[in-house]
Structure formats: C-alpha cells, structure tokens
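Asks: requesting a structural model of the entry that follows:
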Amino acid sequence: MNNYENLKIKQESNHRESFAKMVAEDKTANYLDVENTHAWSRSYPLYKMEKFFRHIASSEVVTIGDGKGGHEAQILKRFGNKVIATDIATEMLEVAKKRNLIDDFSKEDAENLSFADNSFDYCFIKESLHHLPRPYLCIYEMLRVAKKGIVLIEPNGDRSYQIGKEQYESSGNYKYQFTLKELVQCAACLGFNHVAYGYSPNVNYILNCLCFQQEFPEKWANKETRPKPMELAGKLMPCSIKYGDKFQQSKPGFEKAIDEWYKSHEPQVNPLLIFMIFKNEISPQFQDVLKGCDFEIPEIKPNPYTN
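Replies: Okay, the predicted model is just below:
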C-alpha cells in the first residue's frame, strides 16, 4: 500500500471518529448552526462573495470537504443555489439532511470524485485542500466535474504564514500552502485563461480586537494587559462569542469593523486566498460582479499552439 493510501485511511478514520463523537455528544446538533459568531467567522469568505453566489443562482453546486455540518452547502443554498455537500466522513451531513438544512450529500474521496464529467455548474472547496495528501488531484477533479468553474479558498501561501504551530496534522497530512502564482500557472497549464482572485481577512483577529477594546478599554489601553497578537489572531475569545439574538444585534458592527479593516490594508496581507477558475470567458457584467466582491481579474495570455 502506498504512503498516500495509508494517509487517506488514517484521515478518514480520524474524521469519522471525530464527527461521530460530536453527533453523539451534541443532541441539540449545535454544530449545524450557521447563525452564531463562531460559524459566521469561519464562513465569512462566503458572505464576502455573496454577490457572486447570488449572481450565479440558481446553479447546481457541489461542496468538497464540507463534512462539519455542511455549513458551506447551507449558506450557498440560502443564496439560491442547489447544493450537494460532500466529505470523506458524512456523519454530520446525515443529520443536516434529515433536518432539511442541505439539499443532499455524498460520501466522496476528494481526489477521486464519483461524479461524471460536467455534473455541476460549479465546484466549491474551503480550507480543505491542505488536508489532502495530493491536493492538486482534487483541483483536477473539480475542474472535471464542473461545467462552468471552480472556487477554492485556502491559506495564503504568499504570506509568511503558517497554518497552526505544526506543519503536520494529527491525521497525518502535511499542511500544503498555495501561492497565487502557482494557482495561476495551474490554470494556464490546463488551458484555462479566465481566472479571478481575492482575499479574506482574519475575522477572529478583528472581532477579538473590537470586542476586547469595547468591553475592557482599560486593559486594552495598557500593553501589559492587552492580549498578545497570537491570542487575538487565534480562536474567538469569550468576550467575542455572541449567539442567537445577541449575535444578530452585534453583526452589523462586526461587518463594519471587518470592512473598515479590509479597506485600510493591502489585500495580499490577508491570510486567506480565494481563487476561481472559469471554463469560459467572463462577461463584462460578470466582471463587475466579481469586482464588487473585491476580486482582481488578471490577464492570462492564451496558448497560441492550441485551438
């Protein structure tokens, strides 16, 4: 058995056990909720791209690596699309389907999807490629099953940025980081000249700064009592966690703070890279939609030696 096959077996077992444990322990299925601060901060790139997803509605979309409750599928469905959520472990997706939160789900190996060519309009993956032993195989598979294009969101490899403290996860995978240049080259090598890219900020950092400064102004004013940058950049702090009605009341302020931060910094400093490959030319109207989501549309010279 090849090393990558061992890795995939270990990863599937790891995810399946983790998801099954959460389903068993959380009888209220809070893990399915996309309407709290934790879930909203993790899914922020989708909300940043809302104009794009509403523009393509009602497309058929498949989400890859969406096993933690099908959050991406839930949100894209709300934006008017028909979505199938997939993952190597489907314990949480089964519960989401029973509760009619997602249209459907499928157990899938991201490096070898079971779907026929051109089965969906778009394929979407968020922060799951770096979990795979052969991540580029997943990109090729997404392009194979998509009729119109693919969307991927990954940690920004152009930054001096590490995904966590270790290069390897407990499930065995190396945490691969993609750069903008290599993704553009990947598209060009395959003959796809129409791409777009953008960035998404560290929402946890922004919300932690905002909430800590508001709730503990004296501690924030003193460098000795202010949380360290890594604390602010990590998980949401207790003062930042707001659920239910309280989250909805706080959400406009959160959105404003994130928007102001994004506009005041160079885009490429952000920790998440959003990259799209389209199979056909992007119309002027579509370009306006993408630019409205703060996306750049680079020019890739067509291959003169192909038809």
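
Asks: C-alpha from now on. contacts and neighbour counts both.
Replies: OK.

Asks: next, the buried residues of the helix or strand of the chain with the lowest mean pLDDT.
Replies: In the chain, no helix or strand scores lower on mean pLDDT, DSSP states H and E than helix 3-25, which sits at a mean of 84. Neighbour-count burial for helix 3-25, counted by 16 or more other Cα atoms under 10 Å, picks out 7-8, 10-12, 15-16, 19, 22-23.

Asks: ok, now stretch 187-194?
Replies: Buried, per 16+ other Cα under 10 Å, within stretch 187-194: 187-188, 192-194.

Asks: one more: stretch 37-49?
Replies: Using 16+ other Cα under 10 Å as the burial criterion, the residues of stretch 37-49 that qualify are 37-38, 40-49.

Asks: then stretch 213-220?
Replies: Residues of stretch 213-220 classed as buried by neighbour count (16+ other Cα under 10 Å): 213, 220.

Asks: can you list the residues that contact it?
Replies: Defining contact as Cα atoms under 8 Å, 6 or more residues apart in numbering, one finds that stretch 213-220 is touched by 212, 225-227, 239.

Asks: now render the buried residues of helix 3-25 as TSV, adding distance to residue 93.
Replies: Formatted as TSV, the buried residues of helix 3-25 follow (distance: Cα to Cα, whole Å):
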residue	distance to residue 93
7	23
8	20
10	20
11	17
12	15
15	13
16	11
19	10
22	12
23	10
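
Asks: so the residue sitting nearest the centre point of the chain bridges to which residues?
Replies: The centroid of the chain falls nearest to residue 126 when counting by Cα atoms, centre = their mean (2.6 Å). Taking DSSP bridges as the rule, residue 126 bridges to residue 153.

Asks: list the contacts of it.
Replies: Residue 126 sits next to 64-66, 152-154 when contact means Cα under 8 Å, 6+ apart.

Asks: cool, residue 207 as well?
Replies: Counted by Cα under 8 Å, 6+ apart, residue 207 has contacts 236, 240, 254, 257-258.

Asks: doesn't it belong to a helix?
Replies: Yes: using DSSP: H, G, I helix; E, B strand; the rest coil, the assignment for residue 207 is a helix.
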